[in-house]
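S.K.: Return a 3D structure for these sequence lines:
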Amino acid sequence: MEELKIVGVENGALHIALSGDIDLGNAENFYTETIAAYTENPMDVTFDCTALNFIDSTTLGTFVKILKTLKTNGHAVRLVDLQPKIKKLFLICSLDKIMEIA
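M.R.: Have a look, this model is predicted:
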């Protein structure tokens with residue numbers, strides 16, 4: 001998936017860089033690739049969203065699905081450097097209450 005790049009492990013967390021658009025058309029691949037990377041390195045996951053331009057409601061649900069999988073194993077999800085328009089979606093849906101948004 002072109003929109004997802006495994007950066008590596010930094011500060012005890014798996015860092016994944018997201019870019020472009022993640023929507024209904026590629027959200028399942030986003031989930032599959034994230035969980036595959038997490039399975040190889042089970043630890044907290046930090047998503048670098050600097051280059052992420054667009055998400056839709058399917059993607060919001062996918063982030064929640066990823067969080068549920070990680071929380072089952074005692075790990076967390078952190079999103080960093082969200083663009084204001086995307087951060088607003090997370091805040092409107094109160095997802096900042098269940099995952100860290102920096």
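S.K.: Grab the nearest non-local neighbour of K87.
M.R.: Excluding the flanking residues, the one nearest K87 by CB to CB, 6 or more residues apart in numbering is I101, at 6.5 Å. Where you see a C-beta, it was placed from the backbone N, CA and C, and this is true even at glycine.
S.K.: nope, L70 is what I meant
M.R.: Per CB to CB, 6+ apart, closest to L70 is V77, 5.9 Å.
S.K.: Which residues are in contact with that neighbour?
M.R.: V77 is in contact with 44-47, 63, 66-67, 70, 99-100, counting by CB atoms under 8 Å, 6 or more residues apart in numbering.
S.K.: Now do the contacts for G20.
M.R.: Contact analysis of G20 by CB under 8 Å, 6+ apart lists 2-3, 51-54.
S.K.: Looking at the residues you listed, which are in strands?
M.R.: Members of the contacts of G20 lying in strands (criterion: DSSP state E): 51-54.
S.K.: Emit the ChimeraX select command for whichever of the contacts of V77 are buried.
M.R.: Here is the ChimeraX selection string for the buried members of the contacts of V77, based on 16 or more other CB atoms under 10 Å:
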select :44,45,46,47,63,66,67,70,99
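S.K.: Pick out whichever of the contacts of V77 sits closest to E33.
M.R.: Set against E33, the nearest of the contacts of V77 by CB to CB is I66 (10.6 Å).
S.K.: what's the helix or strand where that closest one lies packed up against?
M.R.: Assessed by DSSP states H and E, I66 sits inside helix 57-72. Applying 3 or more CB pairs under 8 Å, 6 or more residues apart in numbering; DSSP states H and E, one finds that helix 57-72 makes contact with helix 27-40, strand 44-55, strand 77-80.
S.K.: Note down every partner strand of the last one and its orientation.
M.R.: According to DSSP bridges, strand 77-80 has the following sheet partners: strand 44-55 (parallel), strand 100-101 (parallel).
S.K.: hmm, who's touching the last one?
M.R.: Under the criterion CB under 8 Å, 6+ apart, residues 76-79, 82, 87, 90-91, 95 lie in contact with strand 100-101.
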